[in-house]
Every structure is written in structure tokens, then in C-alpha cells.
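**Q** Okay, here's the prediction I keep looking at, along with the sequence it came from:
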Amino acid sequence: MTILVTGGAGFIGSNFVLDWLEQSDETVVNLDALTYAGNLQNLASVQGDARHVFVHGDIGDRALVDALLARHQPRAIVHLAAESHVDRSIHGPGEFMKTNVEGSFTLLEAARAHWGSLGDVAKAAFRFHHVSTDEVYGSLAPGAPAFTEAHPYAPNSPYSASKAASDHLVRAWHHTYGLPVVTTNCSNNYGPFHFPEKLIPLMIVNALAGKPLPIYGDGQQVRDWLYVADHCSAIREVLARGRVGETYNIGGWNEKTNREIVHTVCALLDELRPSAAGPYARLITHVKDRPGHDRRYAIDARKIERELGWRPAETFETGIRKTVVWYLAHADWVANVQSGGYREWVSKQYGA
Ligand code: NAD
Ligand code: DAU
């Protein structure tokens, strides 16, 4: 048995692939374009493992995707490949439309053709699992109930609009063509291999380098944080037992303001790697706000708990401690990402 994972060299994708190979003997074909966010060093521990087949390529390349599906006959596609950073989407939305919308469309069409060619048993068992975000629901007022799966879509950034578009395509491919899909909408992840453009890893690496810790606006924006291993276990559950055509919200029951997050990171660093220059919180700086900045996200994760018995294993306190410890122990990974060294390694390995 084989699954096809897209975006498996990124933050969540690499955690998912490593977790999958730890828990099962099923082969993973990992299709990733290795954009700036893709890092094969994340997968160093499975290099040479015959159960991991890495393919350097684009989800928008229909001929390549067709060939992979024909050759490996995966029983499922777990679709994580995306442009994922809101700030980048504000500066340049084009790549987000290309990968998140057109790329997802191409992948769906290839999946539909492959699924249509299967025999009855394989056809019934096949799944297209689309990994999406809570940002498609837009922003919540303080005190408003958390997002359920029935919350109306109201994406506010080019990133969330592109993810919402892909969610709609996935839904339509099920309703119109019968493709057996499941979609998960997850809150903010954090943990190992998180690219240091996102809030938590940026704060850790900047603090250690004695650089400013930039908080956008008043820092009172709220996110619902989930340790990445918990997201991986939720995806496994939904893929295995989720109802076809359904969506499941995944969250950590951990609403925190950005200021709280940054102060928590600083306090952990003060404890684990004290600085001679004084507490890390001295580096906090308030900077210009993100345009269109969503004020609050919060996930109501009762459906996945009720139907599949899934709940996060980590609290925020345990997860953030593990994360800070991981970054302290992986200074080489951070240095390679910051110097761009991981990309040089890719071009050495893959040439042109
Ligand atoms: P990431 O940016 O770390 O990784 C994305 C990966 O996709 C990279 O390895 C990149 O090389 C690859 N990729 C990009 N364009 C591609 C293309 N055209 N073809 C093939 N591969 C391509 O992202 P992430 O944070 O790991 O997010 C993974 C998925 O989960 C995304 O779909 C994102 O929308 C979703 N998500 C993320 C979060 C979060 O907090 N990070 C939360 C909810 C949902
Ligand atoms: O909610 C799920 C989403 O979470 C995912 O779909 C996205 O892929 C992922 O990037 C993340 O989006 P956010 O925009 O919430 O994450 P980010 O880490 O960029 O920012 C988290 C919060 O911190 C947000 O309110 C903006 C703020 N921030 C971020 C950065 C990078 C700062 O205040 N300063 C910063 O330097």
C-alpha cells in the first residue's frame, strides 16, 4: 500500500511523513517542488529508507502527477503542498493563485482520472485528503463562538482566499464527480522544522541572535495554537475514519494573544539559555501592523472529537517547551535555513 503526500518537505508535511513512517510500513511518495519552504534536511532521518520515495516536482505538472499515480497506484493523496505565508501573499499573491488554486485544480483532475480507472474495491477505498486552514473562515470578534464546520467562509488575505478557493474546488469535485474527499481545516501549528518566517520560530531565532522581536500592531491578535504532531495524528485519524465528503476542524483549544506567545518564548529562553545582556523580552518591538490583519481565530474541535475520538495530546505549555528545546538543539538546521545553505545542498543533490 502507498500514499502520495504533496508538500512533504515543508513544515507540516515533513512532520507528517516522519510520523507516518514511524507508525506504519506503508510507502510514502512525497511530491514537493522544493520552494524556499521545502527543506530535504527535514527528512534526513529517512534518507535511504525504501519506504520514502521523494519526487522533486510541481503539483501543477499534470503529466508528472499522472505518471506518479499510474506508477505507484496510491490508495490516498494527502494534499499539503501550498504557499503558506500570509505576509508573502500580501507582497506577491501570484504564486498563491498558481499553487494553491491552479495546482490544487490540476491535482484534483489527475486524482479524478486515476480514481475513475480503479476497480470497485479500490475506488471505494480511495481518499483525497485536502489539508486546509481555519483562516478561510475570516476573523472572529472577541467572545464570539469558535469556528464550527458550518461557519461561513470569509477569507481576508490573498493566502486565505486561495485556500478557500481550493476548499471549494475539493467540495465541488466530490459533489459533481463523486471523488471521495475529506477536508481538514486546522489552526496555527508550531513545532520542529517550522520555517523562521512564522511567529514562533522567528521569535526564537531572533532572540538567540539578539535581534528585535517584531510584534505587529498592538499584539492583541489571537490565534489557536496546535503542536504539529497533534495535527499529524488528526490527519491520520480523518484519513482512516473520516466520513467522505465531510470537513473536520482541528484545533488545540489554546487561544493566545501574540504578546502572550512572545512573552512565553522569552521566558523559556531566559530559563534554558539565559542571555548575559538581560531578559529576552527587552528585544520586543512593536512594528507596523499587517494589512488586513485578522484579529482572532479559534477552532471548535468538537466534531472530530465526537466522531473520531481525537483530542490534542499536548497542552500549549508542553508543546512550546518541546519546541524551544528543539530549536536550541538544532542550531545547525537554523543556520542552514538562514544562510540558504539548505538550498545549495538541494542544487548540489539535484543539479539543474
Ligand atoms: P510550508 O510552507 O512549510 O510547506 C509547503 C511545502 O509545499 C513546501 O515543502 C513547498 O516546497 C511545497 N510546495 C509549494 N508549492 C508547491 C508546488 N507547486 N508543488 C509541489 N510542492 C509545493 O507549509 P506548512 O506550514 O507546512 O503548511 C502545509 C499545509 O498545511 C498548507 O496547505 C497550509 O495551507 C496548511 N496549514 C498550515 C498551517 C500552519 O500553521 N502552518 C495551519 C493550517 C493549515
Ligand atoms: O491559522 C492557520 C494559519 O496559521 C496557516 O494557515 C498559515 O499557513 C500559517 O502561516 C499561520 O498563519 P498566521 O498568519 O496566523 O501565522 P504567522 O506565524 O505568520 O503569524 C501569527 C500571528 O503573529 C499573526 O497574528 C501575525 C503575528 N506576527 C507574525 C510575524 C511573522 C507578528 O506579530 N510578528 C511577526 O513577525
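**A** Done, it's in. Please read all numbers here as calculations on a predicted model, not as lab measurements. Ligands and ions are numbered 1, 2, ... in the order given.
**Q** so where do the strands sit in the stretch 201-350 of the chain?
**A** Assigned by DSSP state E, counting those that start in this stretch, the strands in the stretch 201-350 of the chain fall at 213-216, 222-227, 247-250, 255-257, 284-287.
**Q** could the ones you listed go into TSV alongside mean pLDDT, distance to Arg306 and mean neighbour count?
**A** C-beta here means a position set from N, CA and C on the backbone, and glycine is covered the same way. Output for those, formatted as TSV (pLDDT from 0 to 100; distance: least, C-beta to C-beta, whole Å; neighbours: other C-beta atoms under 10 Å):
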stretch	mean pLDDT	distance to Arg306	mean neighbour count
strand 213-216	96	35	19
strand 222-227	98	18	24
strand 247-250	98	10	25
strand 255-257	98	21	18
strand 284-287	96	40	13
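**Q** wait, which of these is closest to Ser132?
**A** strand 247-250 (8.2 Å; C-beta to C-beta).
**Q** got the contact list for the residue in the chain that ligand 1 sits nearest to?
**A** Ligand 1 sits closest to Gly10 of the chain, with a gap of 2.0 Å, by C-beta to the nearest ligand atom. Taking C-beta atoms under 8 Å, 6 or more residues apart in numbering, we find Gly10 in contact with Asp32, Ala37, Gly38, Asn39, Asn42, Leu80, Ala81, Ser84, Phe195.
**Q** Residues in contact with the host helix or strand of Val17: which ones?
**A** Val17 belongs to helix 11-23 when assigned by DSSP states H and E. By C-beta under 8 Å, 6+ apart, the surrounding residues in contact with helix 11-23 are 3, 5-8, 26, 28, 30, 32, 37, 39, 42-43, 45-46, 49, 51-52, 78, 80-81, 84, 131, 189, 191-195, 198, 228-229, 231-233, 235-236.
**Q** So which of these sit within helices?
**A** Using DSSP state H, the subset of the contacts of helix 11-23 located in helices is Val228, Ala229, His231, Cys232, Ser233, Ile235, Arg236.
**Q** wait, doesn't the first one sit right on Asn188?
**A** Looking back up the chat, that one is Val228. No. Under the criterion of C-beta atoms under 8 Å, Val228 is not in contact with Asn188, lying 10.1 Å apart.
**Q** For Gly48, the count of nearby residues, please.
**A** Per other C-beta atoms under 10 Å, the neighbour tally for Gly48 reads 7.
**Q** Do you know the pLDDT at it?
**A** As predicted, Gly48 sits at a pLDDT of 90.
**Q** Also Gly340?
**A** pLDDT at Gly340 comes out at 82.
**Q** Specify the helix with the largest residue count in the protein.
**A** Longest helix in the chain, counting by DSSP H: helix 158-177.
**Q** So which elements touch that one?
**A** helix 86-91, helix 94-96, helix 104-116, strand 127-133, strand 181-186 (3 or more C-beta pairs under 8 Å, 6 or more residues apart in numbering; DSSP states H and E).
**Q** between those, which gets nearest to Asn206?
**A** Short answer: helix 86-91, nearest of those by C-beta to C-beta, at 15.1 Å.
**Q** close to ligand 1, is the closest one?
**A** No. Using C-beta under 6 Å from any ligand atom, helix 86-91 never reaches ligand 1; the gap is at least 9.2 Å.
**Q** Tell me the buried residues in that helix?
**A** By 16 or more other C-beta atoms under 10 Å, the buried positions in helix 86-91 come out as Val86, Arg88, Ser89, Ile90.
**Q** Could you list every helix and strand in contact with it?
**A** helix 94-96, helix 158-177.
**Q** For this protein, list the residue farthest from the centre, please.
**A** Relative to the centre of the chain, and counting by C-alpha atoms, centre = their mean, the farthest-placed residue is Ala276 at 35.6 Å.
**Q** What separation do you get for that one and Gly210?
**A** Separation of Ala276 from Gly210 (C-beta to C-beta, to the nearest Å): 10 Å.
**Q** which non-adjacent residue is nearest Asp61?
**A** Leaving aside its chain neighbours, Asp61 sits nearest to Thr106 (7.6 Å; criterion: C-beta to C-beta, 6 or more residues apart in numbering).
**Q** Show the pLDDT at that neighbour.
**A** 99.
**Q** Next, count neighbours for it.
**A** Using other C-beta under 10 Å, Thr106 has 19 other residues around it.
**Q** swap in Arg243?
**A** As a measure of burial, Arg243 has 11 neighbours, counting by other C-beta under 10 Å.
**Q** Against His174, how distant is it?
**A** 11 Å.
**Q** Could you do Glu102 as well?
**A** The gap separating Glu102 from His174 is 19 Å, by C-beta to C-beta.
**Q** who's more crowded, those two?
**A** Neighbours were counted for Glu102 and for His174 using other C-beta under 10 Å; His174 has more, 20 against 16.
**Q** Spit out the contact partners of that one.
**A** Contacts of His174 (C-beta under 8 Å, 6+ apart): Pro180, Val181, Val244, Gly245.
**Q** Out of those residues, which is nearest to ligand 2?
**A** Nearest member of the contacts of His174 to ligand 2, counting by C-beta to the nearest ligand atom, is Val181, at 18.9 Å.
**Q** Correct me if wrong: the closest one contacts Ser132.
**A** No. Taking C-beta under 8 Å as the definition, Val181 is not a contact partner of Ser132, at 11.2 Å.
**Q** Could you give the number of residues near the residue nearest to Arg295 when sequence neighbours are not counted?
**A** Counting by C-beta to C-beta, 6+ apart, Arg295 lies nearest to Ser139, which is 4.9 Å off, once chain neighbours are set aside. The number of residues packed near Ser139 is 18, by other C-beta under 10 Å.
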